[in-house]
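A.B. asks: Any chance you can model this:
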Amino acid sequence: MIGGAARLGATILLAAAATPVAGAPAPLPIAGRTYLILPFENTGEDPSLAWMQTGLARALGEDLLGRGATVVDDEERSVFLEGSGLPADSFPALASALEVGRRMRARAGGIRPDRLLLGRFNLTDGGIVLAARAIDLHTEKARPWVSRQGRVAALLAVEQDLTRALAQDEALPEPRGRSADVPLLAFETYCRAMAEPDLKGRLQLLQRAVHEYPAYARAAYQGAALLAREERWGEAADLLKKAAPEPYPYEAEFHLISAAVALARNDPPTAAAQARRALQFAETSRAHLLLGRALLASGDRPQALAELEKAQSVDPADPDVEELRRALGGEATSTTRRSP
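C.D. replies: This is a model prediction of the structure:
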């Protein structure tokens, strides 16, 4: 599985827990903070706006990723909600939401959130009001609701304004990049795409979003990730070109996919350059393995071996370590046995 591809109970018993009291969350290191964002609640009466429920949650999550936070991804959240007896697009009552957070923190594997984010929206006379609040899952204390409002036509700008207010309240750092302005129609198509469980249908919607707004880098990146999963390398390369000007907040994943595509298209120098760019954002076994494969394809076995050792050091359980080890032969086997 490459780069930005999505990761991968028992019915929830509604706990008789007391409602959290608004107060200051216990301090947490910013780098270790992880958010579980539930779908936004539509407090109005227009069912045609159902796409906003998961769409706004996703947009908020992407903006928090750009501020260095970790976010439970859409698929993992949906699988966990459904396994807990709740619809994937549900916005449970506070007690139920807290129980979801408790259970996710208590499970043996997967991401364990520190914060639960609840949101809601209401549409009135061409305007929209967005609100969100953070709940510290360590103390189960909640921050007050933060709200912003504006024109529906500027929905994404209103959401980003809400994110800024929420990030300030949460003491999160400034974003490392800039969120692009996107027309409402393309943003709606993107949100519908990312909520679509059928991957073929998702790809078609992502391609439509890029057609509606050719500079939509996030849609282009997500489409390229799906195409790379299917090993449709040429089509993936075309969409990566459209994502390249502004892959924020998916820079690391963008460069990983770019490296994989270049390697599959017999371009080791570009693959190596892209893998090195990915390592500038985060040291992962995937980046070291892609760099190792690119170096091996270029005839540099010693450096390829060094990257294999780094990959194994970062993640000894990565199954693709064995693939590169086999490609390197006996020399890799004898050397990696001495690795930690």
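A.B. asks: Adjacent strands (with direction) for the strand or helix carrying Arg133?
C.D. replies: For Arg133, the host element (DSSP states H and E) is strand 127-136. With DSSP bridges as the test, strand 127-136 is paired with strand 115-124 (antiparallel), strand 141-142 (antiparallel), strand 146-151 (antiparallel).
A.B. asks: Would you mark the buried spots in the next helix or strand after the last one?
C.D. replies: It refers to strand 146-151. Note on strand 146-151: by DSSP H and E, the next helix or strand toward the C-terminus is helix 155-169. Neighbour-count burial for helix 155-169, counted by 16 or more other C-beta atoms under 10 Å, picks out Leu155, Leu156, Val158, Glu159, Gln160, Leu162, Thr163, Arg164, Leu166, Ala167. C-beta here means a position set from N, CA and C on the backbone, and glycine is covered the same way.
A.B. asks: hmm, who's touching helix 155-169?
C.D. replies: 52, 56, 59-60, 63-64, 67, 117, 128, 130-132, 134, 143, 146-151, 179, 181-182, 184, 187 (C-beta atoms under 8 Å, 6 or more residues apart in numbering).
A.B. asks: Distance from the chain centre to it, please.
C.D. replies: 18 Å (C-alpha atoms, centre = their mean, to the nearest Å).
A.B. asks: What's the first helix or strand after it?
C.D. replies: helix 184-195.
A.B. asks: Only C-alpha atoms, please: export that next one in PDB.
C.D. replies: The C-alpha trace of helix 184-195 is given here as PDB (Å, rounded to 0.1, in the frame of the first residue of the first chain):
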ATOM      1  CA  LEU A 184     -17.900  25.500  -3.400                       C
ATOM      2  CA  LEU A 185     -18.900  23.100  -6.100                       C
ATOM      3  CA  ALA A 186     -15.500  21.500  -6.300                       C
ATOM      4  CA  PHE A 187     -15.300  21.300  -2.500                       C
ATOM      5  CA  GLU A 188     -18.600  19.600  -2.400                       C
ATOM      6  CA  THR A 189     -17.500  17.000  -5.000                       C
ATOM      7  CA  TYR A 190     -14.300  16.400  -3.100                       C
ATOM      8  CA  CYS A 191     -16.200  15.800   0.200                       C
ATOM      9  CA  ARG A 192     -18.600  13.400  -1.600                       C
ATOM     10  CA  ALA A 193     -15.700  11.600  -3.100                       C
ATOM     11  CA  MET A 194     -13.900  11.000   0.200                       C
ATOM     12  CA  ALA A 195     -17.200   9.700   1.800                       C
END
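A.B. asks: and whatever helix or strand comes next after that helix, what other elements does it pack with?
C.D. replies: Per DSSP H and E, helix 184-195 leads on to helix 199-212 as the next helix or strand towards the C-terminus. Other elements packing on helix 199-212 under the criterion 3 or more C-beta pairs under 8 Å, 6 or more residues apart in numbering; DSSP states H and E are helix 184-195, helix 217-229.
A.B. asks: just those: most buried one?
C.D. replies: The highest mean neighbour count among these, using mean count of other C-beta atoms under 10 Å, belongs to helix 217-229: a mean of 26.
A.B. asks: Find the centremost residue of this structure, please.
C.D. replies: Most central in the chain under C-alpha atoms, centre = their mean is Asp73, positioned 5.2 Å from the mean C-alpha point.
A.B. asks: ok, that residue to Arg276 distance?
C.D. replies: Distance check for Asp73 against Arg276: by C-beta to C-beta, to the nearest Å, it reads 26 Å.
A.B. asks: Equivalent analysis for Gly126, please.
C.D. replies: Taken as C-beta to C-beta, the span from Gly126 to Arg276 is 48 Å.
A.B. asks: tell me the angle the helix or strand harbouring Gly101 makes with strand 115-124.
C.D. replies: Counting by DSSP H and E, the element that carries Gly101 is helix 94-106. Counting by axes from the mean of the first three to the mean of the last three C-alpha atoms, to 10 degrees, helix 94-106 points 140 degrees away from the direction of strand 115-124.
A.B. asks: Just the buried residues of helix 94-106, please?
C.D. replies: Ser96, Ala97, Leu98, Glu99, Val100, Gly101, Arg102, Arg103, Met104, Arg105.
A.B. asks: and if you look at stretch 300-307?
C.D. replies: For stretch 300-307, using 16+ other C-beta under 10 Å, the buried residues are Asp300, Arg301, Gln303, Ala304, Leu305, Ala306, Glu307.
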